[in-house]
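J.: sequence and computational prediction follow.
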Amino acid sequence: MSTGRFFAALSLALPFAAPAQSVTVVDRIVAVVNKEVVTLSELNDAVGRAERQLRRQNTPAPEREVLERQMLERLILEKAQLQMARETGIRVDELQLDRAVQRVAESNKMALAEFRRALEADGVSFELWREDLREQILLTRLREREVDDKIQVSDTEVALFLEEMKAAPAERVEYNLSHILVRVPEQASPERLAAARAKAENALAQARAGGDFGRLAASYSDAADALQGGSLGWRTQDRLPELFAATLLNMNPGDVSEVLRSPAGFHLLKLVERRGAASSAPVTQTRLRHILIRTSDTVSESEARRRLRDLRDRIVNGKADFAELARVHSDDGTASRGGELDWIYPGDTVPDFERAYEELKEGEISQPVRTPFGYHLIQVLERRSAEMNPERRRLQARQALRERKSDEAYQEWLRQLRDQSYVEVRLDER
């Protein structure tokens, strides 16, 4: 989505003294979202990208009018989220973006230059793609802050979950599934609810009549994965919303569920495959150290970053020792230990911190990393594989419950954000 590009509604016409001629619209507003607009050119770009993506996946595209409306709703919701991210200070700097671009290229097994040529050969501007990636990172960080970091799991829930796991069959089950979500506004009228249910029932009828589920997801689903055929990928039962997990127990591969109701709206599930899942795979632990500088009224963000960059330069150039600088400069409780943390597991730290250290090689020192606590320098010392002890199993159970709640909480948050935003759709105005 090219949110930074805004073209006012323009028209070309002959001078007033000339005979009346038809007017050619260059661009126009198709939606207003709070104080910003979505233009026809943005919508056409989004539809074009969606059509190319569906072709690459060999998924039949919906009719143009259907896809236009789906993509307009997606643009509206993205615009509202990006506005919130900017207004609340979430940023992606150039270094972070460059690292993300490099990771994407590497995941496609290409050098950066080769990846850029591949994009442009597909008719995609590298610079626009890069800005789209920046926006996707912003949306991810917004979700982490507004949804994931606020999910609470009680000790009682953890204990009950572990008892359920003891009573479960020895072989865990993993599902490959796809879904369709028809979102319903909060406090929707009976007429609005009936229309949403009818939309979901229509999708169900087409799916059970042999319709391509990927095409139906692109046509009907309000979920973020609609253009990926509604695919949720492989999920173990304990990491699915309870509504989904209970429904899947009675389904066979290829089945499509009845219409399900949740606080977010109406759902359809398609079970693609089922398989056994490993019960206790080793996990990677990381030993690291860090230096934290907290921001305050007297220490600005730019000052914190500057100080950490100076410290990093001294360490990298061999003029100072990381541990000694941590003891002197770090605002964290680990300062007396030279900034060193004990062996940590995935999920032990906030997402921004974990994402940063996972990108580092052993011995490498990060650039300044922003988290809710301030700015950090991080150095990974070593990694190892480890089995789960009882305490770690409790932590793993807590994480599974967080994941179970996450999808539902995110959809509910999106619904509230959409309802709270001022939205005026002008697509039908010509």
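T.: Done, it's in.
J.: give me the contact list for stretch 79-98.
T.: 1, 3, 33-36, 38, 100, 130, 133-135, 137-139, 141-142, 145-146, 367, 417-418, 421, 423 (Cβ atoms under 8 Å, 6 or more residues apart in numbering). (Each C-beta comes from the backbone N, C-alpha and C, glycine too.)
J.: scratch that, stretch 332-343
T.: If you take Cβ under 8 Å, 6+ apart as the criterion, stretch 332-343 is touched by 285-292, 322-324, 326-330, 373, 381, 384, 386.
J.: just the buried ones from those?
T.: The neighbour-count test (16 or more other Cβ atoms under 10 Å) applied to the contacts of stretch 332-343 identifies 285-286, 288-292, 322-323, 326-327, 329-330, 373 as buried.
J.: now the residues you listed as JSON lines including pLDDT, secondary structure and distance to Ser219?
T.: Compiled in JSON lines, the buried ones among the contacts of stretch 332-343 are given as follows (pLDDT from 0 to 100; DSSP: H, G, I helix; E, B strand; the rest coil; distance: Cβ to Cβ, whole Å):
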{"residue": "Gln285", "pLDDT": "90", "secondary structure": "strand", "distance to Ser219": "45"}
{"residue": "Thr286", "pLDDT": "94", "secondary structure": "strand", "distance to Ser219": "44"}
{"residue": "Leu288", "pLDDT": "97", "secondary structure": "strand", "distance to Ser219": "47"}
{"residue": "Arg289", "pLDDT": "97", "secondary structure": "strand", "distance to Ser219": "51"}
{"residue": "His290", "pLDDT": "97", "secondary structure": "strand", "distance to Ser219": "48"}
{"residue": "Ile291", "pLDDT": "97", "secondary structure": "strand", "distance to Ser219": "51"}
{"residue": "Leu292", "pLDDT": "96", "secondary structure": "strand", "distance to Ser219": "49"}
{"residue": "Phe322", "pLDDT": "97", "secondary structure": "helix", "distance to Ser219": "55"}
{"residue": "Ala323", "pLDDT": "96", "secondary structure": "helix", "distance to Ser219": "58"}
{"residue": "Ala326", "pLDDT": "96", "secondary structure": "helix", "distance to Ser219": "55"}
{"residue": "Arg327", "pLDDT": "95", "secondary structure": "helix", "distance to Ser219": "60"}
{"residue": "His329", "pLDDT": "95", "secondary structure": "helix", "distance to Ser219": "56"}
{"residue": "Ser330", "pLDDT": "95", "secondary structure": "coil", "distance to Ser219": "54"}
{"residue": "Phe373", "pLDDT": "88", "secondary structure": "coil", "distance to Ser219": "44"}
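J.: export those to TSV and append columns for distance to Leu311.
T.: Rendered in TSV, the data for those read as follows (distance: Cβ to Cβ, whole Å):
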residue	distance to Leu311
Gln285	26
Thr286	21
Leu288	16
Arg289	13
His290	11
Ile291	6
Leu292	11
Phe322	9
Ala323	12
Ala326	9
Arg327	12
His329	6
Ser330	10
Phe373	17
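J.: and these, which two are the farthest apart?
T.: Checked with Cβ to Cβ, those reach their widest spread between Gln285 and His329, with 26.5 Å between them.
J.: looking at the buried ones among the contacts of stretch 332-343, which is nearest Val66?
T.: For those, the minimum distance to Val66 (Cβ to Cβ) is 45.9 Å, reached by Phe373.
J.: so the closest one makes contact with Thr295?
T.: No. Phe373 is beyond contact range of Thr295, at 9.2 Å (criterion: Cβ atoms under 8 Å).
J.: name the SS class of Arg370, please.
T.: Going by DSSP: H, G, I helix; E, B strand; the rest coil, the secondary structure assigned to Arg370 is strand.
J.: hmm, it is touching Asp352, no?
T.: Yes. The pair Arg370 / Asp352 is scored as a contact, 6.4 Å apart, by Cβ under 8 Å.
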